[in-house]
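Undergrad: curious how this folds, go ahead:
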Amino acid sequence: MAMRVLLVDDDLHALEVQRELIEHAGHLVITAASRERALDLIGAHEFDAAFIDVVLGGADGFDVLRCFTQAHPAARAYVLTAHDKPENLLRARRLGARAFLTKPLRWDELRRALDAAGDVTSGPSHARGAAAESPDKRGQL
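TA: Numbering: from 1, shown residues only. Next up, the predicted model:
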């Protein structure tokens, strides 16, 4: 089932590649390249899932995670980072993240997260009807 996904990453190349992969899996993706844009989107849209980079330039992605999980308690939130420190993992879990995905992100990890989010979320049904086959991309972003 197609979901509405928020994707937050200040790395514009990674943001675009991740967006394409998620869309190719049949989901509607709304992107934000900054903390401010992400917070605006969180308040303006319903989401089934979010993938949030915890390092957003000089901003704190954990703040975005906290706002997302408060505004969308039924949605699945996932943390993206190149820095998988244990204290970051604990902080992400406390703020409601379902999983901590290390960058560079692998397609199979992203797909598992999307499948898990789709299994538990009936969702806002905004993205229904946007189905596509899974990409053959199995490499890293």
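Undergrad: so the residue nearest the centre of the chain, which of the three states?
TA: Nearest residue to the geometric centre of the chain (C-alpha atoms, centre = their mean): Phe51, 1.4 Å. Of the three states, Phe51 takes strand under DSSP: H, G, I helix; E, B strand; the rest coil.
Undergrad: I figured it hits Leu6, correct?
TA: Yes - counting by C-beta atoms under 8 Å, Phe51 does reach Leu6; the two are 7.4 Å apart. (Glycine included, C-beta is placed from N, CA and C.)
Undergrad: what residues are up against the residue nearest to the centre of the chain?
TA: For Phe51, the contact set (C-beta atoms under 8 Å, 6 or more residues apart in numbering) comprises Val5, Leu6, Leu7, Val8, Asp9, Gln18, Ile22, Tyr78, Leu80, Leu101, Leu110, Ala113.
Undergrad: format those residues as TSV; extra columns: secondary structure, neighbour count and distance to Gly61.
TA: TSV is the format used below for these (DSSP: H, G, I helix; E, B strand; the rest coil; neighbours: other C-beta atoms under 10 Å; distance: C-beta to C-beta, whole Å):
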residue	secondary structure	neighbour count	distance to Gly61
Val5	strand	28	16
Leu6	strand	23	12
Leu7	strand	27	12
Val8	strand	27	7
Asp9	coil	27	9
Gln18	helix	24	14
Ile22	helix	22	18
Tyr78	strand	24	12
Leu80	strand	27	8
Leu101	strand	19	13
Leu110	helix	20	17
Ala113	helix	21	16
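Undergrad: tell me which of these is nearest to Arg66?
TA: Val8 (12.7 Å; C-beta to C-beta).
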